[in-house]
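Asker: Sequence first, then the predicted structure, then my questions.
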Amino acid sequence: MNDFQKELVMNLRKFCQDSIEPHMEHDDADGKFRMEIFQGLGEYGVTGVTLPEEYGGMGLSYQDYCYVLEEIAKFSVPYAVTVSVSSMVQTILKNYGNEAQKAKYLPALTSGQEIGAFALSESHAGSDAANLKTTAKKVEGGYMLNGTKMWITSGGIAKTYIVMARTGGEGAKGVSAFIVRDGDKGFSFGKAEKKMGWKTSPTRELVFENCFVPTENLLLSEGEGFKVAMGGLDRGRVAIAAIGVGCAQRALDEAVRYSLTRQQFKQNIFDFQGLQFMLSDMATETEASRLLVHSAALSLDSETPNSKLCSMAKLKATDTAMQVTTDAVQVLGGVGYTSEYPVERFMRDAKVLQIVEGTNQIQRVVIARHLKKEYEQHA
Ligand SMILES: Cc1cc2nc3c(=O)[nH]c(=O)nc-3n(C[C@H](O)[C@H](O)[C@H](O)COP(=O)(O)OP(=O)(O)OC[C@H]3O[C@@H](n4cnc5c(N)ncnc54)[C@H](O)[C@@H]3O)c2cc1C
């Protein structure tokens with residue numbers, strides 16, 4: 001970390017300690033999201049870290065952004081996820097929106113006054129997202145959307161939604177991307193999911209019933225929606241990986257601190273070699289994940305993004321988050337399983353990191369595809 005990154009993270013840590021940490025235990029139990037926390041993060045500038053200053057962002061690198069997400073995740077994985085999905089929507093608008101769309105939607109998103117959401121998945125089309133069934137029929141002056149999106153992060157609290165719908169035939173080439181706003185006629189919210197973790201991040205169904213979207217809200221051209229959806233994927237994966245590192249680091253911190261004070265058999269449990277080996281593995285895996293995340297982020301900051309590295313970072317960091325949080329609960333013993341300590345919350349929050357932005361099986365598919373191509377080229 002350079003001096004600038006250290007200062008950025010130190011200031012953010014203070015905000016998280018004062019404004020997020022005191023609420024997390026009971027908000028997790030109540031499933032309560034607080035807009036004032038998100039807007040507070042916006043006042044720090046961290047709701048639009050990588051967007052250029054002309055659109056209200058901080059104009060920082062992806063590596064800076066990964067440190068920001070890691071820090072927020074140490075206090076709350078769900079708030080880090082809310083920031084990362086909203087930031088992904090901004091990147092999509094920046095890369096694929098026209099000037100009018102950028103001017104209209106970006107400032108409220110980068111400043112954290114509003115939240116963005118990304119709607120691709122449907123009940124039968126998760127990993128196989130190109131099989132989506134929501135339709136967008138061309139009508140006078142725009143499109144009529146019909147269908148249902150599932151498991152949408154920030155559904156109901158977001159204002160701006162990037163929605164993928166079918167304008168053409170089967171497969172990826174028949175998909176287009178639209179900007180839809182909360183309050184648009186024919187757009188409503190279905191059930192809120194009851195989840196194992198991410199309790200303070202609402203996940204909702206989106207329902208489109210003859211929802212009219214004007215032509216000016218189409219991103220790029222008809223049939224380019226899957227390109228829009230996939231364009232943000234590498235960045236989204238590295239963001240989730242950075243959140244995984246924060247989640248693992250917090251669990252490690254809790255486990256080491258506890259083991260240095262808890263006594264059994266008249267000694268600190270830290271001094272049992274069995275636990276030392278476990279804690280050493282947890283620390284090593286967390287640091288290895290961080291290095292991979294920053295290696296992938298560096299590639300995103302360069303002219304040559306490396307998709308294989310992005311998938312590796314997502315796979316390694318989120319599997320590590322699951323393992324380290326599970327081990328942290330073990331180190332704390334009985335209290336680890338209760339909400340007296342936050343490790344059980346981080347363990348529940350870690351699980352879905354292995355599922356979103358492409359499951360970790362899909363990351364392995366992507367890595368294998370790259371391996372095959374590389375080795376066949378050099379055969
Ligand atoms: C809390 C939460 C938030 C989410 N937020 C969003 C959001 O904001 N926007 C959005 O669009 N979606 C979102 N999703 C949806 C998420 O992206 C999907 O759940 C995910 O892509 C997996 O799809 P699926 O659930 O249909 O599982 P499936 O695709 O049905 O997969 C089931 C199992 O099969 C495996 N599998 C599938 N295909 C293969 C393959 N080719 N090779 C090997 N194994 C395979 C998977 O790895 C998995 O283990 C969210 C989901 C959750 C739970």
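Answerer: Here it is on my side, so go on. Numbering: from 1, shown residues only.
Asker: could you check the distance from residue 125 over to the ligand?
Answerer: Residue 125 sits 7 Å away from the ligand, going by Cβ to the nearest ligand atom, to the nearest Å. For glycine as for every other residue, the C-beta is placed from the backbone atoms N, C-alpha and C.
Asker: burial count for that residue?
Answerer: 17 (other Cβ atoms under 10 Å).
Asker: cool, and residue 164?
Answerer: Using other Cβ under 10 Å: residue 164 sits among 26 other residues.
Asker: Now do the contacts for it.
Answerer: 119-120, 129, 132, 134, 175-178, 225-226, 228-229 (Cβ atoms under 8 Å, 6 or more residues apart in numbering).
Asker: same question, residue 342
Answerer: Shown in contact with residue 342 (Cβ under 8 Å, 6+ apart): 24, 25, 250, 254.
Asker: Mind checking which of these are buried?
Answerer: Among the contacts of residue 342, those that count as buried by neighbour count (16 or more other Cβ atoms under 10 Å) are 24, 250, 254.
Asker: I'd guessed residue 73 sits against residue 242; true?
Answerer: Yes: counting by Cβ atoms under 8 Å, residue 242 is a contact partner of residue 73 at 7.4 Å.
Asker: From residue 219, how far off is the closest residue to residue 116 other than its chain neighbours?
Answerer: If you skip the residues right next to it in sequence, residue 116 has residue 89 as its closest partner in space, 3.0 Å away by Cβ to Cβ, 6 or more residues apart in numbering. Residue 89 sits 11 Å away from residue 219 when distances are taken as Cβ to Cβ, to the nearest Å.
Asker: so what sits against both of the two?
Answerer: Shared contacts of residue 89 and residue 219, counting by Cβ under 8 Å, 6+ apart, come down to residue 162.
Asker: Most proximal residue of this structure with respect to the ligand?
Answerer: Per Cβ to the nearest ligand atom, residue 126 is where the chain lies closest to the ligand, at 1.8 Å.
Asker: and residue 131, how many neighbours?
Answerer: When neighbours are defined as other Cβ under 10 Å, residue 131 has 15 of them.
Asker: Return stretch 123-137 as PDB; C-alpha atoms alone will do.
Answerer: Extracted in PDB, the C-alpha atoms of stretch 123-137 (Å, rounded to 0.1, in the frame of the first residue of the first chain):
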ATOM      1  CA  SER A 123     -35.200 -18.300 -12.100                       C
ATOM      2  CA  HIS A 124     -34.300 -20.700 -14.900                       C
ATOM      3  CA  ALA A 125     -31.300 -18.700 -16.200                       C
ATOM      4  CA  GLY A 126     -28.500 -18.300 -13.600                       C
ATOM      5  CA  SER A 127     -25.100 -19.600 -14.800                       C
ATOM      6  CA  ASP A 128     -26.700 -20.000 -18.200                       C
ATOM      7  CA  ALA A 129     -27.700 -16.300 -18.300                       C
ATOM      8  CA  ALA A 130     -27.900 -16.100 -22.100                       C
ATOM      9  CA  ASN A 131     -31.000 -18.200 -21.800                       C
ATOM     10  CA  LEU A 132     -33.000 -15.400 -20.200                       C
ATOM     11  CA  LYS A 133     -36.700 -15.100 -21.100                       C
ATOM     12  CA  THR A 134     -37.700 -11.500 -20.200                       C
ATOM     13  CA  THR A 135     -38.900  -9.800 -23.400                       C
ATOM     14  CA  ALA A 136     -38.600  -6.300 -24.700                       C
ATOM     15  CA  LYS A 137     -41.000  -5.800 -27.600                       C
END
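Asker: Quick check: buried residues in it?
Answerer: Applying 16+ other Cβ under 10 Å to stretch 123-137 flags 125, 126, 129, 130, 132, 134, 136 as buried.
Asker: quick one: secondary structure of residue 212?
Answerer: Look at residue 212: counting by DSSP: H, G, I helix; E, B strand; the rest coil, its state is strand.
Asker: coming back round to it: from the buried residues of stretch 123-137, which is closest to residue 203?
Answerer: residue 126 (13.3 Å; Cβ to Cβ).
Asker: And that closest one, how far from residue 362?
Answerer: From residue 126 to residue 362 the distance is 10 Å (Cβ to Cβ).
Asker: ok so, going back, what number of residues lie near the residue nearest to residue 116?
Answerer: For residue 89, the number of neighbouring residues by other Cβ under 10 Å comes to 24.
Asker: what sits against it?
Answerer: Residue 89 neighbours (Cβ under 8 Å, 6+ apart): 109, 116, 117, 118, 160, 162.
Asker: interface residues of the stretch 1-150 of the chain facing the ligand?
Answerer: Counting by Cβ under 6 Å from any ligand atom, the stretch 1-150 of the chain comes close to the ligand at 85, 118, 119, 120, 121, 126, 127.
Asker: cool, and the stretch 251-379 of the chain?
Answerer: With Cβ under 6 Å from any ligand atom as the criterion, the stretch 251-379 of the chain comes near the ligand at residues 352, 355, 356, 359, 361, 362, 365.
Asker: Kindly write the PyMOL command that selects the buried subset of those residues.
Answerer: Buried residues among these (16+ other Cβ under 10 Å), as a PyMOL selection:
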select buried, resi 352+355+356+359+362
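Asker: Specify the local secondary structure of the residue nearest to residue 78 when sequence neighbours are not counted.
Answerer: Nearest residue to residue 78, sequence neighbours excluded (Cβ to Cβ, 6+ apart): residue 201, at 3.6 Å. Assigned by three-state DSSP, the conformation of residue 201 is coil.
Asker: Give me the buried subset of the contacts of residue 164.
Answerer: Neighbour-count burial (16+ other Cβ under 10 Å) is assigned, among these, to 119-120, 129, 132, 134, 175-178, 225-226, 228-229.
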